[in-house]
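Participant: sharing a sequence plus its predicted fold:
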Amino acid sequence: MDKEAKNLNQKSEAITASPGKTKKISQSISYKLLGELAFTFVLGVGVTLIIQNVLKSESVQFSTISLLGFIFSIALVGASIVLAITAISLGKASEQAMIARSDESIRLQNEIFLKTTEALIRIESSTGVTEKRLEDIISGRAGIISEKAVQAAIDEDLIRPKTREALKGEIKRSIIDEFLQTRGEPMPQEMMKSREERREARKKYIQFKDQTLLKIANNTDLIAKKIGDGNIRGYGEDMVDGVFVFKDRRIGIAAFSVSNIVHPFIPDDFSDYIRRFYHEIDKGTFQKGFIVFDEKLPEEEKHIVAFQECKHLIRKEIAEDLYVFSGSLDEIFQEILKTLN
C-alpha cells in the first residue's frame, strides 16, 4: 500500500510539475443516453424485486385491476420520459432556428448595405455628365413640358398644328434658357446668341408698338379707348393693341414685327387673323382697322401676300376698311391720318 501511495504521489507531482502538458477533457451526455440509463435503472429494480420474491419462495398475487394499474403506471412513466425528451429536443431545435434566422438577418442587412453603397457610388459617378448630355436631358424634358403646356392652355379645335409646333418651340427655348440661368451655368455660345437676338427683336418691337400707339393717341382728333397688348388669337377689342375713336368711328390698330423671333409667321394663323378682323368690322366692332409692321415690306412679302389673298375673298364694301402699312413710325402715322381723313 505504501508503494502504491508513493506511485500516486509521484504521478500527482508529475502532473503538477507540467501543467502546460495537461489537457482539459470535456464530456457531454445526450438525452437519449439519460433515458436509456433511467429505463435500465427501473428495469433493474423490477428484476431485483422479482428475483427476491422468487428466492423467498413467496407467492405474489395480482388482481386484474392491480395488474392493469401496474401496466398503466409503467406506460405513463415511459410516456412522461418520451415527452420530456421531445420537449428538450424541440427547445434545442427552436434555439437553433432562432440563431440561424438571426444570422440570415445579419447577412441580408450586410448585403443591403453593400448594394446601397454601390448604388450611391454609381449615382455619384453618373452625375458627372458632360455639358452636351445635360443639354440633351434638359431639351428632352423641356419638349415634354412645352407640349403639356400647349395642351393645357389651348383647345386643339382653336389652333392649327403648325401654330402648336411654333408655340412648343418657343416655350421649350424659354424653359431651357431659364433653367440654365437658374443653375448659374454658362450657356452654349449659340444659345446665348439666339437669346440675345430674341431679346433685341422683342425690345425693338415693343418700342415700335408703344411709340405708334402714343403718337396716334397724342393726335387731338383721336380719342384713345385702349392702349395695351393684343392677342393674335383673340376676338373683338382683345385682338388689337389699340382702340381709338375718330369722328364717332371706332378704329382698331394692331402692331406686328417682321421678325419671326417675335411673331413666327404661319400662313394659316395670319390668314385666320385677317379673316377674324374682317368679321369684327362686319359686326361693327370696328369701322376701320390698321395692321402695321415695324419695317418696310415689299409687295411680294409673305404677310402682304397673305393679306391680299384674304382681301380678294371679302365683300368689297368691307375689304376697303382694313389696311396694312409698314415702314418708319412717321410714314405709318401719315398713312393712317391720310386714310382717316
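Facilitator: Great, that's in hand.
Participant: so where's this protein uncertain?
Facilitator: Across the chain, residues meeting the criterion (pLDDT under 70) sit at 1-29, 31, 46, 49, 52-54, 56-63, 67, 124-188, 191.
Participant: where exactly do the strands run in it?
Facilitator: 223-227, 242-246, 249-256, 288-293, 322-326 (DSSP state E).
Participant: closest to residue 40 out of those strands?
Facilitator: strand 249-256 (116.3 Å; Cβ to Cβ). Every C-beta, even on glycine, is put in place using the N, C-alpha and C of the backbone.
Participant: each with direction, which strands does that closest one pair with?
Facilitator: strand 242-246 (antiparallel), strand 288-293 (parallel) (DSSP bridges).
Participant: now do the longest one and strand 322-326, the angle between them.
Facilitator: Counting by axes from the mean of the first three to the mean of the last three Cα atoms, to 10 degrees, strand 288-293 lies at 20 degrees to strand 322-326.
Participant: using CSV, write out every CA atom in strand 288-293.
Facilitator: Extracted in CSV, the C-alpha atoms of strand 288-293 (Å, rounded to 0.1, in the frame of the first residue of the first chain):
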residue,chain,number,x,y,z
LYS,A,288,-61.7,100.6,-89.8
GLY,A,289,-58.7,98.6,-89.0
PHE,A,290,-55.0,99.1,-89.4
ILE,A,291,-52.2,96.4,-89.3
VAL,A,292,-48.8,98.0,-89.1
PHE,A,293,-45.3,96.5,-89.3
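Participant: re the thing from before, just put the strands of the chain in JSON lines and tack on mean neighbour count and distance to residue 73.
Facilitator: Compiled in JSON lines, these are given as follows (neighbours: other Cβ atoms under 10 Å; distance: least, Cβ to Cβ, whole Å):
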{"stretch": "strand 223-227", "mean neighbour count": "15", "distance to residue 73": "116"}
{"stretch": "strand 242-246", "mean neighbour count": "21", "distance to residue 73": "119"}
{"stretch": "strand 249-256", "mean neighbour count": "21", "distance to residue 73": "116"}
{"stretch": "strand 288-293", "mean neighbour count": "22", "distance to residue 73": "120"}
{"stretch": "strand 322-326", "mean neighbour count": "19", "distance to residue 73": "123"}
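Participant: among the strands paired with strand 249-256, which is nearest residue 66?
Facilitator: Of the strands paired with strand 249-256, nearest to residue 66 by Cβ to Cβ is strand 242-246, at 126.9 Å.
Participant: returning to what we had before: JSON lines for the strands paired with strand 249-256, including distance to residue 209?
Facilitator: Output for the strands paired with strand 249-256, formatted as JSON lines (distance: least, Cβ to Cβ, whole Å):
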{"stretch": "strand 242-246", "distance to residue 209": "9"}
{"stretch": "strand 288-293", "distance to residue 209": "9"}
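Participant: my guess is residue 329 contacts residue 208. True?
Facilitator: Yes - in terms of Cβ atoms under 8 Å, residue 329 counts as a neighbour of residue 208; the distance is 7.0 Å.
Participant: which of these two has more neighbours?
Facilitator: Remark: of residue 329 and residue 208, residue 208 carries more neighbours, 20 against 14, as counted by other Cβ atoms under 10 Å.
Participant: so how far is residue 332 from that one?
Facilitator: Going from residue 208 to residue 332 by Cβ to Cβ, to the nearest Å gives 9 Å.
Participant: out of the strands of the chain, which comes closest to residue 121?
Facilitator: Across the strands of the chain, closest to residue 121 is strand 249-256 (Cβ to Cβ), at 56.3 Å.
Participant: CA atoms only: put the closest one into CSV for me.
Facilitator: Only the C-alpha atoms of strand 249-256 are listed here, as CSV (Å, rounded to 0.1, in the frame of the first residue of the first chain):
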residue,chain,number,x,y,z
ARG,A,249,-65.9,105.7,-85.7
ARG,A,250,-64.0,103.0,-83.8
ILE,A,251,-60.5,102.3,-85.1
GLY,A,252,-58.6,99.1,-84.3
ILE,A,253,-54.8,99.1,-84.6
ALA,A,254,-52.6,96.0,-84.4
ALA,A,255,-48.8,96.2,-84.4
PHE,A,256,-46.6,93.4,-85.7
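Participant: what lies in contact with that strand?
Facilitator: 205, 208-209, 212-213, 216, 222, 225, 230, 237, 239-245, 263, 277, 280, 285-294, 303, 336, 340 (Cβ atoms under 8 Å, 6 or more residues apart in numbering).
Participant: where do the helices of this protein begin and end?
Facilitator: 2-17, 31-55, 64-126, 131-153, 161-183, 189-217, 267-283, 302-311, 316-319, 329-340 (DSSP state H).
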